[in-house]
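>>> only geometry, no sequence info:
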């Protein structure tokens, strides 16, 4: 009996470690996607799933046929130009995508140990697997549509959905070890405030992809030699995006104030403090891009910080909704403890 319990505990511990590792790799994938976008490497591999017709991309143009532009640039009107750095940046992004797919599948297999204890963990893991499969297909459509803006935005939103699914099963499988209380007073308004803040932040990220699209157009017009003039040539969308970051910051300050009234000995105030730190860092990278000529390194960091913020917001919202993260067994235990 004891050995069976130990085996189950090991399986559940393995699942939580695997789910956490998968979340980390997904964030690395988002970072890689940001680097691809920031360096203009989206068409570094003009075909999919291979790269210039090879499973291992070339490192120099001599490895390609003389008419490679005509072969791979038909859709791009022959404007394909081989650049080894951009090709490998895009290829590494694809490799991370494949790795994340395998890890999500491994997480799904590991979640089978919860089938008899908490089926919701299994269904959440299955949702993550289906979502990342759909996002892999969407990545192929991004290439097929020659980096259409709406496809890039959908690709990012689906990646956020994968993060949500994985964070949900990670929190639910570990709910009895997390300290989200004691919480006293009315919490409904705080839950809604968290939800609105999360929706607004996702909207800010989507709006940021539109600003990035406008920036791409400016870069095509001015070229890289006039990097310092890029921001001044952007339209009103950039200034709206920049100003709205202060609204996001104000929401986080309000959340901390509300949570301190509800609870002191909890993970939630610490979580929201981390959120404010990330928001300030996010604003800082935005300032760097606005006043230092949009350095390429700042763009992917800006994106990853935004998705980290959304992930922590989601975790905080889950912790404020114990009905979502506690299984029937754990809810019964909680009632016994309260009695």
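Cool, got the structure. In this text the structure is predicted, and so the values were computed from the model without any measurement.
>>> since we're on the closest residue to residue 34 other than its chain neighbours, how many residues are nearby?
Counting by Cβ to Cβ, 6 or more residues apart in numbering, residue 300 is the residue found nearest to residue 34 once chain neighbours are left out, at 2.9 Å. Glycine gets a C-beta too; all of them are placed from N, C-alpha and C. A total of 20 residues lie near residue 300 under the criterion other Cβ atoms under 10 Å.
>>> can you check the one 3 residues further on too?
Residues within reach of residue 303, counting by other Cβ under 10 Å, total 24.
>>> from memory it sits against residue 31, does it?
Yes: counting by Cβ atoms under 8 Å, residue 31 is a contact partner of residue 303 at 7.5 Å.
>>> which stretches of the protein aren't confidently modelled?
The model of the chain has pLDDT under 70 over residues 1-9, 75-79, 176-186, 260-266, 327-339.
>>> rerun that using 50 as the cut-off
By pLDDT under 50, the weakly predicted segments of the chain are 1, 182, 328-329, 331-339.
>>> can you pull the contacts of residue 214?
234, 235, 237, 238 (Cβ atoms under 8 Å, 6 or more residues apart in numbering).
>>> The residues you listed in helices, which ones?
In this view, those that belong to helices under DSSP state H are 237, 238.
>>> Turn the contacts of residue 214 into a markdown table, columns for neighbour count and distance to residue 214.
Output for those, formatted as a markdown table (neighbours: other Cβ atoms under 10 Å; distance: Cβ to Cβ, whole Å):
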| residue | neighbour count | distance to residue 214 |
| --- | --- | --- |
| 234 | 17 | 6 |
| 235 | 12 | 6 |
| 237 | 15 | 6 |
| 238 | 24 | 7 |
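>>> Kindly reformat the contacts of residue 214 as CSV and extend each row with distance to residue 167.
What follows is the contacts of residue 214, written out as CSV (distance: Cβ to Cβ, whole Å):
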residue, distance to residue 167
234, 33
235, 35
237, 30
238, 31
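>>> Which parts of this structure belong to which domain?
Domains of the chain are assigned by automatic domain parsing as 1-60+68-173, 178-339.
>>> Most tightly packed of these?
Ranked by average neighbour count under the criterion mean count of other Cβ atoms under 10 Å, those are headed by domain 1-60+68-173 at a mean of 18.
>>> Am I right that residue 80 sits in a helix?
No: counting by DSSP: H, G, I helix; E, B strand; the rest coil, one finds residue 80 to be coil, located in no helix.
>>> Surely it and residue 68 touch.
Yes: here residue 80 lies in contact with residue 68, judged by Cβ under 8 Å, at a distance of 7.1 Å.
>>> Helix, strand, or coil at residue 44?
Three-state assignment for residue 44 (three-state DSSP): coil.
>>> if I look at it, how far off is residue 135?
19 Å (Cβ to Cβ, to the nearest Å).
>>> Report whether the expected contact of residue 18 with residue 109 is present.
No: when contacts are counted by Cβ under 8 Å, residue 18 is not listed as touching residue 109 (9.1 Å).
>>> Check which helices and strands the helix or strand encompassing residue 131 sits against.
Secondary structure assignment for residue 131, by DSSP states H and E: helix 119-144. Packing contacts for helix 119-144, counted by 3 or more Cβ pairs under 8 Å, 6 or more residues apart in numbering; DSSP states H and E, involve helix 2-38, helix 84-110, helix 149-173.
>>> ok now the last one, how far from the chain's centre?
Between the mean C-alpha point of helix 149-173 and the mean C-alpha point of its chain there is a distance of 6 Å (Cα atoms, centre = their mean, to the nearest Å).
>>> Distance check, residue 70 against residue 80.
For residue 70 relative to residue 80 (Cβ to Cβ), the value is 9 Å.
>>> got it, and residue 286?
33 Å.
>>> now swap in residue 41 and tell me
To residue 80, residue 41 is 13 Å away according to Cβ to Cβ.
>>> Then residue 271?
Using Cβ to Cβ, residue 271 is found at 46 Å from residue 80.
>>> what does residue 197 give?
Distance, residue 197 to residue 80, by Cβ to Cβ: 43 Å.
>>> same question, residue 54
Counting by Cβ to Cβ - residue 54 and residue 80 are separated by 14 Å.
>>> Repeat that for residue 89.
In terms of Cβ to Cβ, residue 89 sits 16 Å off from residue 80.
>>> I figured residue 160 hits residue 309, correct?
No: using Cβ under 8 Å, residue 160 is not in contact with residue 309, being 11.0 Å away.
>>> What sits closest to residue 143 if chain neighbours are left out?
Using Cβ to Cβ, 6+ apart, the nearest residue to residue 143 is residue 48, at 4.5 Å.
>>> Please disregard the earlier target; I meant residue 283.
residue 245 is the one closest to residue 283 (Cβ to Cβ, 6+ apart), at 5.1 Å.
>>> Tell me who's in contact with that neighbour.
204, 279, 282, 283, 286.
>>> helices or strands next to the helix or strand hosting the last one in the packing?
When secondary structure is defined by DSSP H and E, residue 286 falls within helix 267-291. Secondary-structure packing of helix 267-291 (3+ Cβ pairs under 8 Å, 6+ apart): helix 236-262, helix 298-319.
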